[in-house]
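**Student:** curious how this folds, go ahead:
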Amino acid sequence: MFKKKRVYLDYAAATPLSGRALKAMRPYLESDFGNASAIHTEGVLARQAVEAARERIACALQVRPEFVTFTSGGTEANNLAIVGTVEALAREGRSFAEMEVVTTEIEHPSVMNTMKMLGVRGVKVKYVPVDEYGLVRLTALQEMLSAQTVLFSVAYANSEIGVVQKLHAIKKALAAAEKRFGTEIIFHLDAAQAPLWLSCQFGTLGADLVTLDVGKCEGPKGVGVLVRGRGARLVSTLFGGGQESGLRPGTENVAGIVGASIALQEAQKDFKSRAEKVSQVRDAGIKYILKEIPQAILNGPSGGERLANNINISIPGLDTEFATIVLDKQGFAVSTKSACAGAGGGESLVVKAISGDADRSLATLRLSLSPQSTLADLKRLTAILKQHINKMAKLPRA
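**Tutor:** Numbering: from 1, shown residues only. So this is what the prediction gives:
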């Protein structure tokens, strides 16, 4: 289809399937196709594959296998974590009106829209502010928590601007509130963007619930993982059979689950060296872009509080949707914001929240690097983008 080499810079949206994951999946797509709930030989083989995959993931994340639940993706895992927690408390006798949930204004749509739904049901939803880099304002969080707070949800690493939250400081604030009010606050972490670049060992994160999406770490699309701690109480948000210990009804995607376990295992095995290599390309790329396009504004933090593969810039006044198409025709795949935030125009709600600047939020470009990305790639992209900006500047204004 393409005559020139394509440069893929949208790893936050989708990643290629690793060779090892594909090889592991193949038997369950071809010969070992049984239903994991069946009791005949084919079903038993499928069940064994699912449980072996669960154990691989548990080992990679340092958690007990029974606390690993498979879903259809990160969106469903986020829904199960948030709604499943609130519904479990409701079944214990808490009314929706007696519960508060807290999140930020820069979360993924699967969290933001779930919160809106809970608000319609009568749950009080609070949004803690973030600073100009996207980090949770800890003082504001401490003041916002109350005796009615039952859950706090935040992304480990933001999918648009790449900010990596200070998890231990957040956990400390939640623990202080629990002690002050004599209550329990469930800490949910959306870690969909994390496995290739950050440690996801459950015990070190401080969270009670952690969401993963293996389509973001070179696993198959359509498989998510929800990891929970011993104290987390959940009920299913779907209705059907008793699969996944009653938390996620529906026939298991055996091939996808097997591939997911290999991909997560690979991602966590080499995340440190991978992140170190790619962050060097990222930093040099940011420096070069800002030098060549001085009107560009970096969105999000610099250095260690930024996801290793994330570059997000605004070029106020530029139609970045059109620029994305221009870059695509020149062989570069980039995006303007999260794919789940919707295609087409419109502002980045994440950049709007950190900047308060409408022009800046309407003119964003996100480059999410792959492990194979090079500074030469970014320099060539910058030259094409700079040429496009100069061309647009010469056009008569309407």
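**Student:** going forward, measure contacts between C-alpha atoms and count neighbours the same way
**Tutor:** Noted.
**Student:** show me where the stretch 1-150 of the chain has helices.
**Tutor:** Remark: helices assigned in the stretch 1-150 of the chain by DSSP state H, counting those that start in this stretch are 19-30, 41-61, 74-91, 109-121, 138-144.
**Student:** from the contact counts, what lies against the last one?
**Tutor:** So the one you mean is helix 138-144. If contacts are counted by 3 or more C-alpha pairs under 8 Å, 6 or more residues apart in numbering; DSSP states H and E, helix 138-144 sits against strand 124-128, helix 167-181.
**Student:** domain parsing of the chain, as residue ranges.
**Tutor:** If you go by automatic domain parsing, the domain ranges for the chain are 7-16+271-394, 19-269.
**Student:** re the thing from before, and the helices and strands packed on helix 138-144, which is most packed in?
**Tutor:** strand 124-128 (a mean of 19; mean count of other C-alpha atoms under 10 Å).
**Student:** show me where pLDDT drops low in the stretch 201-350 of the chain?
**Tutor:** Counting by pLDDT under 70, the stretch 201-350 of the chain contains low-confidence ranges at 338-345.
**Student:** residue ranges of the helices in it, please?
**Tutor:** Under DSSP H, counting those that start in this stretch, the stretch 201-350 of the chain gives helices at 202-205, 254-269, 271-292, 320-329, 349-355.
**Student:** how far out from the middle of the chain is the second one?
**Tutor:** I take that to be helix 254-269. Helix 254-269 sits 17 Å away from the centroid of its parent chain (C-alpha atoms, centre = their mean, to the nearest Å).
**Student:** next one: the third one
**Tutor:** Here the centre of helix 271-292 is set off from its chain's centre by 20 Å, with C-alpha atoms, centre = their mean.
**Student:** nearest spatial neighbour of the residue nearest the centre of the chain, skipping sequence neighbours?
**Tutor:** Centroid-nearest residue in the chain, with C-alpha atoms, centre = their mean: residue 192, separated by 3.0 Å. In this structure, residue 192 finds its nearest non-sequential neighbour in residue 212, 4.4 Å apart by C-alpha to C-alpha, 6 or more residues apart in numbering.
**Student:** one more: residue 221?
**Tutor:** Take residue 221 and drop its neighbours on the chain: the residue closest to it by C-alpha to C-alpha, 6+ apart is residue 215, 4.3 Å away.
**Student:** hmm, residue 222 and the one you found touching each other?
**Tutor:** Yes. The criterion here is C-alpha atoms under 8 Å, and residue 215 meets it with residue 222 at 6.9 Å.
**Student:** residues in contact with residue 226?
**Tutor:** Residue 226 makes contact with 68, 69, 70, 71, 77, 78, 81, 209, 210, 211, 212 under the criterion C-alpha atoms under 8 Å, 6 or more residues apart in numbering.
**Student:** give me the common contacts of residue 215 and residue 222.
**Tutor:** Common neighbours of residue 215 and residue 222 (C-alpha under 8 Å, 6+ apart) are residue 73.
**Student:** neighbour count: those two, which is higher?
**Tutor:** residue 215 (26 against 18; other C-alpha atoms under 10 Å).
**Student:** residue contacts, the more buried one?
**Tutor:** By C-alpha under 8 Å, 6+ apart, the neighbours of residue 215 are 14, 15, 17, 73, 221, 222, 223, 224.
**Student:** go again with 10 Å.
**Tutor:** 11-17, 73-74, 192-193, 221-224, 260, 263-264 (C-alpha atoms under 10 Å, 6 or more residues apart in numbering).
**Student:** among those, which are in strands?
**Tutor:** residue 224 (DSSP state E).
**Student:** looking at the helices and strands packed on helix 138-144, which is nearest to residue 367?
**Tutor:** helix 167-181 (24.7 Å; C-alpha to C-alpha).
**Student:** angle of the next helix or strand along the chain from the closest one against helix 109-121?
**Tutor:** Sequence-wise, the next helix or strand downstream of helix 167-181 (DSSP states H and E) is strand 186-190. Strand 186-190 runs at 140 degrees relative to helix 109-121, counting by axes from the mean of the first three to the mean of the last three C-alpha atoms, to 10 degrees.
**Student:** now strand 186-190 against helix 167-181, angle please.
**Tutor:** Using the same axes, to 10 degrees: strand 186-190 against helix 167-181 is 160 degrees.
**Student:** check the offset of strand 186-190 from the chain's centre.
**Tutor:** 12 Å.
**Student:** averaged pLDDT, it. What do you get?
**Tutor:** Strand 186-190 shows a mean pLDDT of 98.
**Student:** next one: stretch 214-225 to chain centre, how far?
**Tutor:** 11 Å.
**Student:** quote the end-to-end distance of it.
**Tutor:** Using C-alpha to C-alpha, to the nearest Å, one end of stretch 214-225 lies 8 Å from the other.
**Student:** ok, now stretch 159-171?
**Tutor:** 21 Å.
**Student:** what do you get for stretch 90-103?
**Tutor:** Start and end residues of stretch 90-103 are separated by 20 Å (C-alpha to C-alpha).
**Student:** what number of residues lie near the nearest residue to residue 375 once chain neighbours are set aside?
**Tutor:** Nearest residue to residue 375, sequence neighbours excluded (C-alpha to C-alpha, 6+ apart): residue 281, at 5.6 Å. Per other C-alpha under 10 Å, the neighbour tally for residue 281 reads 23.
**Student:** repeat that for residue 358.
**Tutor:** 15.
**Student:** just give the nearest non-adjacent residue to it, would you?
**Tutor:** Closest to residue 358 by C-alpha to C-alpha, 6+ apart is residue 352, at 6.3 Å.
**Student:** what's near enough to touch residue 86?
**Tutor:** Residue 86 sits in contact with 80, 92, 94-96, 99-101, 118, 123, 150-151, 186, 233-235, where contact means C-alpha under 10 Å, 6+ apart.
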